[in-house]
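> sequence and predicted structure below; questions after.
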Amino acid sequence: MTAYEVVLLRHGETPGYDGDHGLTERGERQARDRGAALAAELKPGTTVRMPHARTARGTATAVTLRAALLEALGEDHAVEVGPLYPEPWFDNLRFALHGEGVDASVAVTERLTLNGALPDWAREYDRFDTDFGESSRAGGPIGYWLRRPTLWFEPPHLGAHRMWRGIVEVGRDAPEGLVVLVSTHSAPMRAFAATAIGDDPGEPANLEEIRVSVHPDGAATVRFRGHAVGFEGPPELPPWIDRAWLESFGR
């Protein structure tokens, strides 16, 4: 196994979370600026892979990031920048809506159509979402999700499991000097960081990064907000995660 670097990036600013929206103008600038900054770090001979979450904001971030990266590198660069591709391992927080696992934005879209007496899943979403639930205003919805048990939301430990699985999968057959730039979401990023560090460092800002250096032995060093910790993903899944379901995640 060859060592490689994975840079997990939260998507750029989006107009809102009441649907599957793309980026604001500010979000586009954030992605362009980050692309230019990352280009300055890439050494000749580097291979770049660019998976992304399948939401509109995850995809738009990846598109702008890649364009800015190529522009900053110039025509004669000695860096191989691969194509964009959607990767479900890095998808946004999932929600069990009518027995189907969907992106959380799908759940809020349906929630906004409801009035009067609410079903239990909608009341749980209200407790999570800062637009509806007073109890979550202080710490934000992801902080609420990390700390309180829920029945309809994907649990934080599952988000951390699939984030680590994605990190492992993108490095299979890794060439020397591989760097993976992932446009993803704050919920799985934050769950993964909290798992690795043992504490919750807080919400990543738009285009803020978690860096994961994967070593030849398969272990990793996770860096986020001044923390640098060793991490070894679980060698096998615990019995409370269905392997067949996880293997088919988003596919």
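Nice, I can see it. Numbers count the residues shown, from 1 in each chain.
> what's Ala67 in contact with, if anything?
Arg32, Gly35 (CB atoms under 8 Å, 6 or more residues apart in numbering). C-beta coordinates here come from the backbone N, C-alpha and C atoms, glycine included.
> tell me how far it lies from Met50.
11 Å (CB to CB, to the nearest Å).
> just Ala174 next, same as before
On the measure of CB to CB, Ala174 and Met50 end up 14 Å apart.
> quick one, phi psi at the residue nearest to Tyr125 when sequence neighbours are not counted?
The spatially closest residue to Tyr125, leaving aside those adjacent along the chain, is Arg111, at 5.2 Å (CB to CB, 6 or more residues apart in numbering). Backbone torsions of Arg111, given as degrees, to the nearest 10, read phi -60, psi -40.
> show me where the stretch 101-250 of the chain dips below the pLDDT cut-off.
Along the stretch 101-250 of the chain, the model assigns pLDDT under 70 to residues 131-139.
> now do the helices in it.
104-111, 120-128, 140-147, 156-170, 186-197, 243-247 (DSSP state H, counting those that start in this stretch).
> JSON lines for the ones you listed, including distance to Pro204 and mean neighbour count?
Formatted as JSON lines, the helices of the stretch 101-250 of the chain follow (distance: least, CB to CB, whole Å; neighbours: other CB atoms under 10 Å):
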{"stretch": "helix 104-111", "distance to Pro204": "16", "mean neighbour count": "20"}
{"stretch": "helix 120-128", "distance to Pro204": "18", "mean neighbour count": "18"}
{"stretch": "helix 140-147", "distance to Pro204": "9", "mean neighbour count": "19"}
{"stretch": "helix 156-170", "distance to Pro204": "13", "mean neighbour count": "21"}
{"stretch": "helix 186-197", "distance to Pro204": "5", "mean neighbour count": "24"}
{"stretch": "helix 243-247", "distance to Pro204": "24", "mean neighbour count": "10"}
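> make TSV from the ones you listed and add distance to Gln30 to it.
What follows is the helices of the stretch 101-250 of the chain, written out as TSV (distance: least, CB to CB, whole Å):
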stretch	distance to Gln30
helix 104-111	20
helix 120-128	25
helix 140-147	19
helix 156-170	21
helix 186-197	14
helix 243-247	32
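> closest one to Gly226 among the ones you listed?
Between Gly226 and the helices of the stretch 101-250 of the chain, the tightest spacing by CB to CB is seen for helix 186-197, at 10.2 Å.
> show me what the closest one is packed up against.
strand 4-10, helix 140-147, helix 156-170, strand 209-214, strand 220-224, strand 227-231 (3 or more CB pairs under 8 Å, 6 or more residues apart in numbering; DSSP states H and E).
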